[in-house]
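J.: sequence plus the predicted model coming up.
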Amino acid sequence: MTTHSALLVTPLPFMPTKSTLTTGSTSLDLPRSEQHGWITQQVGGLADAATYHLQAVIHVHGNGVALGLQPNPVLWTLASAWRDRMLPYTLHGPAVITGPEDGNGRYAPLAPQMAAQTRQALQTATDWWLEHDVDIALWPVNPSSRLFSEAVTRTRAVL
């Protein structure tokens, strides 16, 4: 079976440090068939697909907030950078990033350049959140606070 590129973005662990977390994403092989089931498995439940970039789709648990899944500030930072504005809502739980849908219900792989750029942006966002770990607890309360604009600006700069 041929496989394709996708990225998994998990929430930062509680009390993260540089020594416990070194990457902002994990590369995965996106299967050609049974993608919806595979994505559901990766995010831990029925996934919503959101397009924040024309060349990528973020798949995140559709009921993550209500289920109390851990906030994902790194994913929020990437989505905000792609939209070029801070999102006024939070994203929770793990997420899978794929290429766009092909019109037949299947998702394309991330193009190599898009995957590399996204990994770099996720790493930049992860580094910012690790540097500002005391702010992680404040983020879910008010994600549109100016306090977090630096994370988005820094991440946007690598895009």
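T.: Sure thing, it's come through. Being a predicted model, the structure only gives us computed values, none of them experimental.

J.: what about the nearest residue to Gln123 once chain neighbours are set aside, how many neighbours?
T.: Distance criterion Cβ to Cβ, 6 or more residues apart in numbering; nearest residue to Gln123, sequence neighbours excluded, is Gly24 at 4.4 Å. The way it works is simple: take the backbone N, C-alpha and C, and place the C-beta from them, glycine included. The criterion is other Cβ atoms under 10 Å. On that basis, Gly24 has 26 neighbouring residues.

J.: just the buried residues of stretch 97-110, please?
T.: Along stretch 97-110, the positions that meet the burial threshold by neighbour count (16 or more other Cβ atoms under 10 Å) are Ile97, Thr98, Gly99, Pro100, Arg106, Tyr107, Ala108, Pro109, Leu110.

J.: which element is the spatially most central residue of the chain on?
T.: With distances taken as Cα atoms, centre = their mean, the residue of the chain nearest its centroid is Leu75 (3.2 Å). With elements delineated by DSSP states H and E, Leu75 resides in helix 73-83, which encompasses its position.
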